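1. Output the structure for:
(chains A and B)
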Amino acid sequence: LNSDGLTLLSLLKHLDRVPPQVTSTWKINASEATPCNWFGITCDDSKNVASLNFTRSRVSGQLGPEIGELKSLQILDLSTNNFSGTIPSTLGNCTKLATLDLSENGFSDKIPDTLDSLKRLEVLYLYINFLTGELPESLFRIPKLQVLYLDYNNLTGPIPQSIGDAKELVELSMYANQFSGNIPESIGNSSSLQILYLHRNKLVGSLPESLNLLGNLTTLFVGNNSLQGPVRFGSPNCKNLLTLDLSYNEFEGGVPPALGNCSSLDALVIVSGNLSGTIPSSLGMLKNLTILNLSENRLSGSIPAELGNCSSLNLLKLNDNQLVGGIPSALGKLRKLESLELFENRFSGEIPIEIWKSQSLTQLLVYQNNLTGELPVEMTEMKKLKIATLFNNSFYGAIPPGLGVNSSLEEVDFIGNKLTGEIPPNLCHGRKLRILNLGSNLLHGTIPASIGHCKTIRRFILRENNLSGLLPEFSQDHSLSFLDFNSNNFEGPIPGSLGSCKNLSSINLSRNRFTGQIPPQLGNLQNLGYMNLSRNLLEGSLPAQLSNCVSLERFDVGFNSLNGSVPSNFSNWKGLTTLVLSENRFSGGIPQFLPELKKLSTLQIARNAFGGEIPSSIGLIEDLIYDLDLSGNGLTGEIPAKLGDLIKLTRLNISNNNLTGSLSVLKGLTSLLHVDVSNNQFTGPIPDNLEGQLLSEPSSFSGNPNLCIPHSFSASNNSRSALKYCKDQSKSRKSGLSTWQIVLIAVLSSLLVLVVVLALVFICLRRRKGRPEKDAYVFTQEEGPSLLLNKVLAATDNLNEKYTIGRGAHGIVYRASLGSGKVYAVKRLVFASHIRANQSMMREIDTIGKVRHRNLIKLEGFWLRKDDGLMLYRYMPKGSLYDVLHGVSPKENVLDWSARYNVALGVAHGLAYLHYDCHPPIVHRDIKPENILMDSDLEPHIGDFGLARLLDDSTVSTATVTGTTGYIAPENAFKTVRGRESDVYSYGVVLLELVTRKRAVDKSFPESTDIVSWVRSALSSSNNNVEDMVTTIVDPILVDELLDSSLREQVMQVTELALSCTQQDPAMRPTMRDAVKLLEDVKHLARSCSSDSVR
Amino acid sequence: DNKAKSKKRDKEKPSSGRPGQTNSVPNAAIQVYKED
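-> Purely as a prediction, here's the structure:
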């Protein structure tokens, strides 16, 4: 085999994976002296290797330095593989190279500075890699280089001055890197340049004037940098320029009139470039311009009529400026104009009739201006019109009745004008209408039946008009999602067919004249978050079916004539924040389920016929912040002491009831801004914290004859109040008991208490002695417990060893298959003799038993007896996260990144729930992959939560350190008391395991190193560059996926989160809510990156 | 044929800026009712 063949075999040793064609051909063969027939190889006439082409061959590994020995190599194409490591500097020895393509790989580190010796190199592709560092000056001294693509790397530093030496360079792509500094003036010497992509970097300074020298330039992109100064671009030299994008910079001054010289210009785009001044009329000379986008600047003045000469114009986008005056009628000459986007300016006057006559416009977006005039009948002839958003202007007159007949309208938004007349019947004629917003106008008449049948409408707003009549019936499988008809004169029943619009998330029918009952079909709306039927003439009771609207957040039926009691199954509305039932005829007691609505912040049930006492459980609604209005009912009794727990409440109205007792409970309500207790039977002094309220609104306390003002209140401030001052307490003390009487009473009371306690102890001891030892499980579930227990015991042959599926520190886990697909995991806990299954422990289990979250394993049931207990969970077929990550055969269960991300997010949700949504909060204290169980969809469920605490609380061994080595936060190494921060630390360790697929304490780590210190040392070896570090620690299985920059970013962010969670100082760690938010943000980021990606 | 080869990559698209929107006034917060 010749020397090139031997070199190739040396190169092969650096590769981890090659296609079978390589394996079969790249080997020493007695009959072959050359590698010329090997896969990917072509030879020159001297039988030396001239071309090595591995493009898209799924090769992974490194490019060995031996490549420099292939002296005859002309083409090296390794694009779109999984090469990693550095680009060898020996490539500079391949002096015959004409094409070098290493794009779409995982090459990292710097670009070698030896490439200028490639005197024949014409094409160099290095895009989409992980290259870092500064560009070597030598790169632009490759004498024949014509094409250089460096985009999508992490290259930093300035653009070398030597760029001007690249006289042959035609295409230069450097976008999506982190280049900084100025664009060198010398770029003007790179005279062959046609395409120049410098966007999405960190470039500063001004746009070099020398760019005007580049007479061959067709494409210039410098957007998304931080360029400043005036835009001095556009000279007679720019005749070849087709596309110019200067968007997202911080320029000074205006749009250069000289751009009118660029006569071939097809797209002129300067979005958000901080431009001021007027639009130069010279742009009217650009006959080839199809896109003119100067939106989101500070442009002023009016649109020059000359733009009407840009006869190729397809998109004119000038929104978000300070443009004034009328829209020039000359724009009507633009026969190819499809989108006219002038929204959010200060245009005035009428839209010229020439524009209404356009036969090309598909989008007319002129909202948020000062436009006026009637919508002319010509509008109905705009055959291509799809989107007409005219809202927040001053258009008046009737909407042309024929609108929609000749076009397939998709979005019609005329909100906030002065339109009169009726709703045209044919708006949905083309069956494409998604948005119909006609609110805040002066429309009258009824809703045409054809609109009710328009299944495509998603957003339908008619609020604040003078519309009347019956609502139309809505078709089955209607797309309607948002409906707002409030403040009209609609009448008749609310159509039950609204209940078939399954996507509805918001209904507002308030302030109309609807009659009849609330249709029970509305209970079908499981996505409904907002229902406002207030201020109508509705009667009857609240249908219990509404409890199925499980997404409801705000429910308002105030100011109707509804009656009956509130269905108890409304306790299903777990996300409800606002409940308004005021001004109806509801009766019965105040609903007992209210405390189950944990997110309730506003509760208004005023002016009904509710009776009885205020339930003390209202004090449990911790989020009740905005309003508690129970006024105008028939409530009796005292204010329950528990109400004093509502420390965040800002408004309380309990006026006009028959309440008695003192107001002392209100002392604790320190956030109160408004209170009204008037017209009750309260007695005693007004609490100190309400002095300000008494001063500003004395009537809030009136109508309570026995309420009094403490002497401590400022006398001059209380002159408006009709209340009397309280009697002097010091006087009353004098007329009370004498000192010896008080001493006598105290002594007698103490003796009495002692006797009662001794009697109770005696009774308890006797009972205990006489009680037989129980050996049966104590049933703790209300429904069918014994039956289920019997089934479980039968299914496990009385907990026979052969059904064991796991053993934990606290007990053994069995698999119980109950038939009909129901499979459970049964955990038997053996309590040490000193642990009692006492009442407090049962309460604890009861608390955990009520925990419900999709990422927490659900306790299906439990039974206790003296020395042991059984806990019943749903069986998790995939085992634990430990099994999936590190199990015997992890390859069968290999988790791709998205599955790992899902685990990270799920566990974060579960922990955030335990930490913040449970009362009292639950700290898990033993988060680790073994305790994260995976269902068949690989959704994680945290198991054993609270168990450690449960056991500790009832043990005497409080000195025991709980948790698992490798997961215990440093501050807890010798402590048992744990806060949420310790769970956050353990969670961070789990994240690191997800990224690396190493164990928390892995054999591969140096001695006495755990995963946290291992990752931190990798970080410091990478000079604190997370991206570099991630490439060294990441699970090799993920390497392929990480070629996708969006996923790479996601992995980096998750690793950073893990590092943050595992900080030494607990105070520096994020909360689990922070973690959830970050992960959600990363999800969003990854999505948007993917959509931006060129791949 | 071992001459230099450049390949066709998709041209970059210019920035599109903020798209037009429809009226997005959210649901009015449910009011704290006072006596009418």
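2. How confident was the prediction at residue 24?
-> No chain in the question, so chain A it is. In this model, A:Ser24 is scored at 93, pLDDT.
3. wrong chain, I was asking about chain B
-> 71.
4. Repeat that for A:Ile111.
-> At A:Ile111 the predicted local distance difference test score is 98.
5. interface residues of the stretch 651-800 of chain A facing chain B?
-> Counting by C-beta under 8 Å from any C-beta of the partner chain, the stretch 651-800 of chain A comes close to chain B at A:Arg651. Every residue, glycine included, has its C-beta placed from N, CA and C.
6. Most proximal residue of the stretch 651-800 of chain A with respect to chain B?
-> When distances are taken as C-beta to the nearest C-beta, the stretch 651-800 of chain A reaches nearest to chain B at A:Arg651, 6.7 Å away.
7. quick one: A:Trp38 and chain B, what's the gap?
-> Separation of A:Trp38 from chain B (C-beta to the nearest C-beta, to the nearest Å): 16 Å.
8. A:Leu11 is in contact with that residue, correct?
-> No: if you go by C-beta atoms under 8 Å, A:Trp38 and A:Leu11 don't touch, sitting 11.3 Å apart.
9. residue ranges with poor pLDDT in the chain?
-> No chain in the question, so chain A it is. Where chain A drops to pLDDT under 70, the residues are A:715-721, A:728-787, A:808-811, A:820, A:830-850, A:864-868, A:888-893, A:945-963, A:972-978, A:1084-1095.
10. other chain: chain B
-> Applying pLDDT under 70 to chain B flags residues B:1-4, B:25-36.
11. What segments of it are strands?
-> Assigned by DSSP state E, chain B shows no strands.
12. The stretch 551-700 of chain A now?
-> Counting by DSSP state E, counting those that start in this stretch, the stretch 551-700 of chain A has these strands, from start to end: A:554-556, A:561-564, A:578-580, A:585-589, A:602-604, A:609-613, A:627-629, A:634-638, A:651-653, A:658-661, A:674-676, A:681-685.
13. In a markdown table: the ones you listed, plus mean neighbour count.
-> A markdown table is the format used below for the strands of the stretch 551-700 of chain A (neighbours: other C-beta atoms under 10 Å in any protein chain shown):
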| stretch | mean neighbour count |
| --- | --- |
| strand A:554-556 | 23 |
| strand A:561-564 | 16 |
| strand A:578-580 | 24 |
| strand A:585-589 | 16 |
| strand A:602-604 | 24 |
| strand A:609-613 | 16 |
| strand A:627-629 | 23 |
| strand A:634-638 | 16 |
| strand A:651-653 | 21 |
| strand A:658-661 | 16 |
| strand A:674-676 | 19 |
| strand A:681-685 | 18 |
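14. Export these as a markdown table, with columns for distance to A:Arg58.
-> Formatted as a markdown table, the strands of the stretch 551-700 of chain A follow (distance: least, C-beta to C-beta, whole Å):
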| stretch | distance to A:Arg58 |
| --- | --- |
| strand A:554-556 | 54 |
| strand A:561-564 | 68 |
| strand A:578-580 | 57 |
| strand A:585-589 | 69 |
| strand A:602-604 | 60 |
| strand A:609-613 | 72 |
| strand A:627-629 | 64 |
| strand A:634-638 | 75 |
| strand A:651-653 | 66 |
| strand A:658-661 | 78 |
| strand A:674-676 | 70 |
| strand A:681-685 | 81 |
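15. A:Tyr873: what secondary structure?
-> Here A:Tyr873 is recorded as strand under DSSP: H, G, I helix; E, B strand; the rest coil.
16. Bridge partners for it, pull those for me.
-> With DSSP bridges as the criterion, A:Tyr873 is bridged to A:Ala825, A:Leu859.
17. Could you say which helix or strand holds the closest residue to A:Val1026 other than its chain neighbours?
-> Excluding the flanking residues, the one nearest A:Val1026 by C-beta to C-beta, 6 or more residues apart in numbering or on different chains is A:Met1052, at 5.2 Å. Under the criterion of DSSP states H and E, A:Met1052 resides in helix A:1045-1061.
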